[in-house]
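S.K.: no sequence on this one, just coordinates:
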């Protein structure tokens, strides 16, 4: 049995190597060159992110130069770490691959090497520039094929062909085309294509977060998170599965890859899930569902989340704020699904190392929560007080205090050396011992969150300081633990820390190969959009095939994301789909009176790109989990997707109810209502899709539960039928309404006019009102000068770079109406009938469950019988 598990784990690890880090493992000089290159890449990224270049006035790079060097490393490692074909050698690197690697690296670094010369001839490339650009494009596509497979290459090639073949395309998507010189200059020698925003985010943000996660994993944080989850939850019904959900969420801090997350946590959780009674397919599917959701979980989300910072134009802390509620309720719902599966099958949990009474559990939970609150308040107010009192010296004082806290936490960890070992879990370990054995791993995470949330540093600089702290931990934790434990082999411990740091830096770089080439190749798609204007064409095309229905457009976008995501990594999928579809959704929403925030659209695409990792027939996360579970990968993927339906429904909900993204929350009560209604809706939806709540649901109960979930998610759908949310006032009332609105409030206008293509458009816009004394002055501040023409209110002039211009208004557009809120009762009153129906279903199911034969739970000896020979009978001991 153990042999088959080991083979499964090896197969899963091979999937990670093939998809993330490179399947080649050469020996001798080639191995040393690969190692040195990966190490040099990590050191370069740390240098570029640090303040040292400016402090020492040495090797200062601008964004474009840094992107070129970043891509040079990625392409070089793609050709050397990934074989060309499955039958290509994996133990040595052929000569042709060395040549291609060097040629590709030179082409990528061309902008850096000839930066001054290129700056003297912008838009006028010479023959040398064009030749290098063509070679670079071809080698980038080949590097992408090796690292990620053919799908992204096919997508990028289609867009390249479209760039040149524009005049020969059907009329609806035709354009004037581009010459070779113009296209190559645009794609390779500017920041509009390959070296655009996506590669910039990979260079500035993503690498450091991936490196941070690799160092955390190398230090032992992954093992700590798994053991902590099992100590808290392993004893519950289906405990290993519940622990898998939590540990995969925690591992999201470490890994930006759902596939790597599956292997990291699934190696421990899947065999234990099978042991407590989960079928192999469901055990793998639960791990897949938990691991794919790991990329959705703040504070460190998948690489695409950092792209939102640039594409949406908001700070990363705002991305976290908008994403946190959907991620939380999605994970809680998965936890509940696991509970329902365990209850249906009558499963038990793992035996515990020490049993706690209900009172002890309550005291532990409340005490832990209060301690966290006290510590958070101490950190928040304490650091603020130190900065106020100490001024410039505060950084040194905070550094010393952090060092003392770190040593103190290591002193606690040194008391439980057995918890630092990597061994198989057969019983749920003690909570207190497990928690104290690795609290020091949380310090870098606290530093990261503090820098992002409180200091408002950029994600890149925040990740740099957190990574620097992580490097110190990797180097020093073993020597300090040995000293505190009274052990004498300090030199060996320091050598172990150095080796861990070395391996962590190399692992982080190799994990970045795929992301580096993916963001560059996806830049071809973005470059095509900016060069050909296909974005406007897509709006018209999608509006035509959808009949103007925003719901159909969303379904169309979700399907595109899932299909592309079967072959594209999440980051590339997000770049392609958001570049094409985000403007379409925003535009069509505005045309139908639905103001969709840009962040909501980008999160919509982000969610479905991640869900593609468990979508059959190509979901690699499902293949990795199936390999560990010894199950059918297609069945595992299908089962995983059924668990992930709850995640698939969320994006549709927050498009139509943006309060789920914590947008337009007016008070603490509104926030609490939003949180509890969304959580209740998701739990009800989980019960409906699983066909089980108190007992097995009848078909009409399932329909009722789905109706309740929809109402809790979007109560306005029903309320608007009786009382419209807004009233349309005549356009001329704009002068009165602009004065009635308080400064900072948004004036909602329905407008009509011709777009750049000459097509007539109708849409809704929002413009913030200023604090000027008269209506005309407030309108002028918005950028609007209006004139009446035969009873119509026409835009006579538009202020340059004004709110009106940014909203898409232009000369001769007409103000159709002013939309104002309707004075009506709150839409949340719809919760009352929904909750009454829920009570009715619960009462009916409860009565049926009690009267059903065999409804008594499994006897208490079931756990002992299930785990006979695993943990032993004498499981109690003093803490």
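M.R.: Looks like it came in fine. Bear in mind the structure is a predicted one, so any value in this text is a computation, not a measurement.
S.K.: tell me which element residue 589 is part of?
M.R.: Assessed by DSSP states H and E, residue 589 sits inside helix 570-591.
S.K.: quick one: list the elements packing against that helix.
M.R.: Where contact means 3 or more C-beta pairs under 8 Å, 6 or more residues apart in numbering; DSSP states H and E, helix 570-591 is packed against helix 303-308, helix 513-532, helix 534-546, helix 550-565, helix 598-611, strand 760-768. (Each C-beta comes from the backbone N, C-alpha and C, glycine too.)
S.K.: neighbours of residue 54, how many?
M.R.: By the other C-beta atoms under 10 Å criterion, the neighbourhood of residue 54 contains 9 residues.
S.K.: who touches it in this structure?
M.R.: residue 60 (C-beta atoms under 8 Å, 6 or more residues apart in numbering).
S.K.: any idea how far it lies from residue 47?
M.R.: For residue 54, the distance to residue 47 equals 11 Å [C-beta to C-beta, to the nearest Å].
S.K.: same thing with residue 850?
M.R.: For residue 850, the distance to residue 47 - C-beta to C-beta - is 68 Å.
S.K.: neighbour-wise, which of these two wins?
M.R.: Set residue 850 next to residue 47 and count neighbours by other C-beta under 10 Å: residue 47 wins out with 15 against 10.
S.K.: helices or strands up against the host helix or strand of that one?
M.R.: Per DSSP H and E: residue 47 is located in helix 28-49. Applying 3+ C-beta pairs under 8 Å, 6+ apart, we find helix 28-49 packed against helix 63-81, helix 207-219, helix 459-485, helix 490-511.
S.K.: what is the orientation angle of the helix holding residue 589 with helix 513-532?
M.R.: 40 degrees (axes from the mean of the first three to the mean of the last three C-alpha atoms, to 10 degrees).
S.K.: how big is the angle separating helix 570-591 from strand 760-768?
M.R.: 100 degrees.
S.K.: can you name the residues in contact with whichever helix or strand residue 673 is part of?
M.R.: Under the criterion of DSSP H and E, residue 673 resides in helix 668-690. Helix 668-690 is contacted by residues 325, 328-330, 332-334, 336-337, 340-341, 642, 645-646, 649-650, 653, 659-660, 662, 665, 693, 697, 702, 705-706, 708-713, 715, 828, 831, 838 when judged by C-beta under 8 Å, 6+ apart.
S.K.: wait, residue 481 sits on residue 415?
M.R.: No. Using C-beta atoms under 8 Å as the test, residue 481 is too far from residue 415 to be in contact (10.3 Å).
S.K.: of those two, who's got more company?
M.R.: Applying other C-beta under 10 Å to residue 481 and residue 415 shows that residue 481 carries more neighbours, namely 18 against 12.
S.K.: please pick the buried ones from the contacts of helix 668-690.
M.R.: The neighbour count (16 or more other C-beta atoms under 10 Å) marks 325, 328-330, 332-334, 336-337, 340-341, 642, 645-646, 649-650, 653, 659-660, 662, 665, 693, 697, 702, 705-706, 708-713, 715, 831, 838 as buried among the contacts of helix 668-690.
S.K.: and the helices in the stretch 351-500 of the chain?
M.R.: Ranges of helices within the stretch 351-500 of the chain are 358-390, 394-413, 431-436, 442-453, 459-485, 490-511, based on DSSP state H, counting those that start in this stretch.
S.K.: please point out which parts of the second one sit buried.
M.R.: Translated: helix 394-413. For helix 394-413, a neighbour-count test (16+ other C-beta under 10 Å) marks 394, 398, 402, 406, 409-410, 412-413 as buried.
S.K.: likewise for the longest one?
M.R.: The neighbour-count criterion (16+ other C-beta under 10 Å) identifies 383, 386-387 as the buried residues of helix 358-390.
S.K.: same check, this time on stretch 820-840
M.R.: Within stretch 820-840, the residues that count as buried by 16+ other C-beta under 10 Å are 820, 827, 830-831, 834, 838.
S.K.: can I get those in CSV with secondary structure, pLDDT and distance to residue 494?
M.R.: Shown next, in CSV, are the buried residues of stretch 820-840 (DSSP: H, G, I helix; E, B strand; the rest coil; pLDDT from 0 to 100; distance: C-beta to C-beta, whole Å):
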residue, secondary structure, pLDDT, distance to residue 494
820, strand, 89, 69
827, helix, 88, 63
830, helix, 92, 64
831, helix, 92, 60
834, helix, 94, 62
838, helix, 94, 60
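S.K.: would JSON lines of those with distance to residue 180 be doable?
M.R.: Formatted as JSON lines, the buried residues of stretch 820-840 follow (distance: C-beta to C-beta, whole Å):
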{"residue": "820", "distance to residue 180": "55"}
{"residue": "827", "distance to residue 180": "57"}
{"residue": "830", "distance to residue 180": "60"}
{"residue": "831", "distance to residue 180": "62"}
{"residue": "834", "distance to residue 180": "61"}
{"residue": "838", "distance to residue 180": "64"}
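S.K.: shaky segments in the stretch 501-650 of the chain?
M.R.: 536, 566-567, 614-620 (pLDDT under 70).
S.K.: which residue of this structure lies farthest from its centroid?
M.R.: Within the chain, the residue lying farthest from the chain centre (C-alpha atoms, centre = their mean) is residue 790, at 52.4 Å.
S.K.: can you pull the pLDDT of that residue?
M.R.: For residue 790, the pLDDT comes out at 81.
S.K.: then residue 21?
M.R.: For residue 21, the model assigns a pLDDT of 54.
S.K.: same check on residue 98?
M.R.: pLDDT, the model's per-residue confidence, is 95 for residue 98.
S.K.: ok, it touching residue 80?
M.R.: Yes. Residue 98 lies in contact with residue 80 (C-beta under 8 Å); the separation is 7.3 Å.
S.K.: looking at those two, which is more packed in?
M.R.: Per other C-beta under 10 Å, whichever of residue 98 and residue 80 has more neighbours is residue 80, with 25 against 15.
S.K.: now the element after the helix holding residue 673, going C-ward?
M.R.: By DSSP H and E, the next helix or strand past helix 668-690 is helix 699-713.
S.K.: what packs against that following helix?
M.R.: helix 668-690, helix 716-722, helix 831-851.
S.K.: quick check, residue 794 in a strand?
M.R.: Yes. Counting by DSSP: H, G, I helix; E, B strand; the rest coil, residue 794 is part of a strand.
S.K.: correct me, but it touches residue 812?
M.R.: Yes. Using C-beta under 8 Å, residue 794 makes contact with residue 812 at a distance of 6.1 Å.
S.K.: those two - which one has more neighbours?
M.R.: Per other C-beta under 10 Å, whichever of residue 794 and residue 812 has more neighbours is residue 794, with 17 against 13.
S.K.: return the residues in contact with that one.
M.R.: Contacts of residue 794 by C-beta under 8 Å, 6+ apart are 786-788, 812-815.
S.K.: and for residue 349?
M.R.: Counting by C-beta under 8 Å, 6+ apart, residue 349 touches 233-240, 276, 428, 863.
S.K.: export the helices and strands packed on helix 570-591 to TSV and append columns for distance to residue 220.
M.R.: Converted to TSV, the helices and strands packed on helix 570-591 look like this (distance: least, C-beta to C-beta, whole Å):
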stretch	distance to residue 220
helix 303-308	24
helix 513-532	24
helix 534-546	47
helix 550-565	32
helix 598-611	27
strand 760-768	50
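S.K.: mean neighbour count added to those, as a markdown table?
M.R.: Listed next are these as a markdown table, based on neighbours: other C-beta atoms under 10 Å:
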| stretch | mean neighbour count |
| --- | --- |
| helix 303-308 | 27 |
| helix 513-532 | 27 |
| helix 534-546 | 17 |
| helix 550-565 | 19 |
| helix 598-611 | 26 |
| strand 760-768 | 17 |
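S.K.: residue 350 is nearest to which of these?
M.R.: Smallest distance to residue 350 across the helices and strands packed on helix 570-591 (C-beta to C-beta): 29.7 Å, for helix 598-611.
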